[in-house]
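>>> predicted model and sequence below, questions to follow.
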Amino acid sequence: QDSWVNSSSGGSPDCCHPDTFWGPTDLSELLKEGTKESHDRAENTQFVKDFLKGRIKKGLFKLATTALYFTYCALEEEMDRNKDNPVFAPLYFPLELHRKEALIKDMKYFYGEDWKEKIQCSDATRQYVDRIHHVGQHEPELLVAHAYTRYMGDLSGGQVLKKVAQRALKLPITEEGIQFYTFENISNAQKFKQLYRARLNALDLDKNCKERIVEEANRAFRFNMEVFDELDKIGRSLVEEAQDGGVPVHDGKGDIRKCPYYADKLGNAAAGCPYHTVVALAKQPIVQLILAACVAVAAGAAAWYVM
Ligand code: HEM
């Protein structure tokens, strides 16, 4: 924070006062700046890197979704509890943001109607959930840090993960299994994020409280990374489930963004890298049968011609 003290003598006389700070004072800016390093670290966890490359097994994706289910149950329970508390109320957007119902749909899709009996909260998720409950009940002014870390992320990188998951796991185009990533009541994520930032900035908080919120957001990032590391470990021991035409979305070597079809892939689930499309087609038994028949006919014709 020391680097924010304006020690320069330029500008208007006001900004020369020793107590005057420059740099962001808006909570949205403080959060963005103050969690930049955490964000970089989270993006670079093995689990997230693999996920972005389309290297995610269905079993692991189910577990990741399960972790989200427990996390959002806690988060939304605490947000409901604090919906009239001025330290949180302006950030209460149940219709637009809440994910619990969407996650229940995903749970049903992956585990069936008896999903509740089949899932359990992992150790790392339990730590995260406990902290959310503690904050919601004893330090509600910090709840905004947890909401910011998850929902702003879901509306940003989450939208990339949605496309990757849908494609890599060959999930239906109807978006079953990825309801979590689909914000039905937000038509423009960019605009909504602007509104969210404005609401963050309008909270009536002193400097110390803002600092504590940034600290808590970094803590929230750490909890997420703990969950990712736990998932990564589990992923190593999971046996890949056989999938139709099971070609990976990308071989994972090199930088996926250099694949000329990558942007297309993210933008349009139906379109794809022609190489992978041809390989996928060639792995279909019916296509193999037709190819074999064509080869046999060609060989027969060649033999007839030679004789
Ligand atoms: C899959 C890897 C990720 C990618 C590609 C990604 C990408 C992005 C991008 C492009 C933005 C900027 C959006 C904007 O300014 O409108 C952003 C913002 C954000 N992301 Fe991520 N992200 C990833 C992972 C995460 C994770 C794991 C978290 C936390 C759990 C997270 C939390 C956030 C937050 C809180 C913001 C809002 C920053 C702000 O504007 O204040 N992201 N992300």
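Noted; the coordinates are in hand. Numbers count the residues shown, from 1 in each chain.
>>> up against the ligand, what does the stretch 1-150 of the chain have?
Counting by CB under 6 Å from any ligand atom, the residues of the stretch 1-150 of the chain close to the ligand are 31-32, 39, 42-43, 48, 52, 148-149. Quick note: C-beta positions are derived from backbone N, CA and C, even for glycine.
>>> so of those residues, which two are at opposite extremes in space?
When these are compared pair by pair using CB to CB, the two farthest from each other are Leu31 and Leu52, 23.3 Å apart.
>>> can you pull out the low-pLDDT segments for this structure?
Per-residue confidence for the chain (pLDDT under 70) gives these ranges: 1-21, 241-287, 289, 291, 294, 300, 302, 304, 306-307.
>>> what's the domain layout of it?
The record assigns the chain these domain ranges, following automatic domain parsing: 27-237, 260-305.
>>> what segments of the stretch 151-300 of the chain are helices?
Here the stretch 151-300 of the chain has its helices, by DSSP state H, counting those that start in this stretch, at 153-154, 157-168, 189-202, 207-237, 262-267, 274-282, 285-306.
>>> pretty sure Pro24 belongs to a strand, no?
No - residue assignment for Pro24, taken from DSSP: H, G, I helix; E, B strand; the rest coil, gives coil, which places it outside any strand.
>>> distance of it from Ala202?
Shown here: Pro24 relative to Ala202, a distance of 15 Å by CB to CB, to the nearest Å.
>>> try Gly34
When CB to CB is applied, the distance between Gly34 and Ala202 equals 19 Å.
>>> more neighbours, those two?
In this view Gly34 and Ala202 are compared by other CB atoms under 10 Å, and Gly34 has more residues nearby, 19 against 13.
>>> quick one, phi psi at the more buried one?
Main-chain torsions, Gly34, degrees, to the nearest 10: phi -70, psi -10.
>>> with Gly54 instead?
Taking degrees, to the nearest 10, you get phi 80, psi 10 for the backbone angles of Gly54.
>>> that one contacts Ala168, doesn't it?
Yes - Gly54 is within contact range of Ala168, at 3.7 Å (criterion: CB atoms under 8 Å).
>>> about what we covered before: mark which of the residues of the stretch 1-150 of the chain next to the ligand are buried, thanks.
Buried residues within those, defined by neighbour count using 16 or more other CB atoms under 10 Å: 31-32, 39, 42, 48, 52, 148-149.
>>> okay if I get those as CSV plus secondary structure?
As requested, those are exported to CSV (three-state DSSP):
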residue, secondary structure
Leu31, helix
Lys32, helix
His39, helix
Ala42, helix
Val48, helix
Leu52, helix
Tyr148, helix
Thr149, helix
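>>> list just the nearest of the residues you listed to Arg81.
Proximity of those to Arg81 was ranked by CB to CB; the top entry is Tyr148 with 17.6 Å.
>>> list the residues that contact the closest one.
Shown in contact with Tyr148 (CB atoms under 8 Å, 6 or more residues apart in numbering): 31, 91, 196, 200, 217.
>>> number of residues surrounding Thr35?
The tally of other residues near Thr35 (other CB under 10 Å) stands at 23.
>>> give me the nearest residue to it, chain neighbours excluded.
Leaving aside its sequence neighbours, Thr35 sits nearest to Ala217 (CB to CB, 6 or more residues apart in numbering; 5.1 Å).
>>> ok, the one you found touching Arg150?
No - when contacts are counted by CB under 8 Å, Ala217 is not listed as touching Arg150 (10.2 Å).
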